[in-house]
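In: Below are the sequence and a predicted model; questions follow.
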Amino acid sequence: MKAAVYEKYGPPEVVSIKEVDTPSPKPDEVLLKVHASTVNRTDAGFRSAIYFVSRFFSGLYRPKRQILGCDFAGVIEEVGNNVHDLKIGDKIFGFNDQHFGGHAEYMTVSKYDAIALKPNSASYAEAAALSEGAHYALCDIRAAKVKAGQDVMVYGASGAIGSAAVQLLKSMGTHVTAVANSKNIELIKSIGADQVIDYETQDFTATTKRFDFIFDAVGKSSFSQCKPLLKQKGIYVSTELGKNLENIWLSMLLSLSKGRRVIFPIPSTKKEDLEYLAQLFEQGKFKPVIDRSYPLDDIVEAYRYVESGQKTGNVVLDIQ
Ligand SMILES: NC(=O)c1ccc[n+]([C@@H]2O[C@H](COP(=O)([O-])OP(=O)(O)OC[C@H]3O[C@@H](n4cnc5c(N)ncnc54)[C@H](OP(=O)(O)O)[C@@H]3O)[C@@H](O)[C@H]2O)c1
């Protein structure tokens, strides 16, 4: 089968398209013919190993698993002996940031992995783009215990995480103020934001509104900048560690505070979370934003674009 393989950590050019053996499913696994995947910041982070800590999971000197792609959607072609609730021909999607494998024509998926049936109305591209951004957003929103009726801000609403966060927060009945650039204002309104602040022409910290939850989905703000915008018990969360890892220290220091706090949850995704996202898709409450698609052969180009920090929503990889 054809796969995008990386044998060492580094820039997008360490990835190349190769012929490799098609994997065989173990008794607890299925063989998936991958139709679509995404190229995202999680794949890019593990490939570059820019944060050394990722090597503790992926291999200290070189990657143990050489095919990335944490998002995937496709059709089951073989079923292991111990798999009883999935069958050949089932269309599924999933997320796996431990074994990865979606950047290939075939991959094996364990019955215990975070997978769910593809929503009937979703294309493979949409199904592949349902998870990566949304799983970070869902994890942070849940950790902040956001409730219906609350005022929330999503800073960096045009990324994969931000555009998912806007829709998830709206589906929960919150009032969403989004911060994005001029070119994305209409898009962000179309996915449900009640108010959009254009960061190119306005200073978002000048707003007179106060928030129960501020979600920085691009890691470009700081707690000190956002603290005055938080209500008395407001919560700040960022997708980045912050200057000198401040978001980690602050989350520990302020953990017992009865006032404004920083939280830094560790994301994890279960089957039920993907079923929840599929359900929201079917209900028309969450549709992943897709910026553009690349064929598998152009994966290096796709990585370059993703790492420009300019993508809007998700970048899809067309495998079949
Ligand atoms: N290390 C990891 O494993 C990992 C995994 C996932 C995510 N992350 C982090 O999570 C963050 C979000 O990732 P993502 O995939 O959702 O999106 P992304 O690729 O980082 O895209 C960011 C979006 O935010 C906008 N943006 C850039 N600068 C901005 C600013 N100053 N204010 C407001 N918007 C701004 C960009 O559009 P414009 O520039 O056109 O405004 C773009 O649409 C990133 O910081 C990423 O590093 C890290």
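Out: Great, that's in hand. All figures in this text were calculated on a predicted structure; none of them were measured in a lab. Residues are numbered from 1 along each chain as shown.
In: Quick check: phi and psi at G259.
Out: Backbone torsions of G259, given as degrees, to the nearest 10, read phi -110, psi -140.
In: I'd say it and Q232 touch.
Out: Yes: the pair G259 and Q232 passes the contact test of CB atoms under 8 Å, sitting 6.3 Å apart. Any C-beta I mention is one placed from the backbone N, CA and C, and that applies to glycine too.
In: What are the buried residues along stretch 253-267?
Out: By neighbour count on 16 or more other CB atoms under 10 Å, the buried set for stretch 253-267 is 254, 260-264.
In: for the residues you listed, which one is nearest Y199?
Out: Distance to Y199 across the buried residues of stretch 253-267 (CB to CB) is lowest for V262, with 21.1 Å.
In: residue contacts, that closest one?
Out: By CB atoms under 8 Å, 6 or more residues apart in numbering, V262 lies in contact with 223, 235-238, 247, 250-251, 254.
In: From N314, how far off is it?
Out: Per CB to CB, to the nearest Å, V262 is found 27 Å from N314.
In: quick one, phi/psi of the residue in the stretch 101-250 of the chain that the ligand sits nearest to?
Out: Residue nearest to the ligand within the stretch 101-250 of the chain: G159 (2.5 Å; CB to the nearest ligand atom). Per-residue torsions, G159: phi -80, psi -180 (degrees, to the nearest 10).
In: Check what pLDDT it gets.
Out: pLDDT recorded at G159 is 97.
In: One more: K271?
Out: K271 carries a pLDDT score of 95 in this model.
In: again with L250
Out: pLDDT, L250: 96.
In: What is the burial count for the residue lying closest to K64 once chain neighbours are set aside?
Out: Nearest non-adjacent residue to K64, counting by CB to CB, 6 or more residues apart in numbering: S58, 6.4 Å away. S58 is flanked by 20 other residues according to other CB atoms under 10 Å.
In: was I right about S58 contacting Q66?
Out: No: with contacts counted by CB under 8 Å, S58 stays clear of Q66, the gap being 9.9 Å.
In: picking up where we left off before, burial of the residue of the stretch 101-250 of the chain closest to the ligand, as a residue count?
Out: When neighbours are counted by other CB under 10 Å, G159 comes out with 29.
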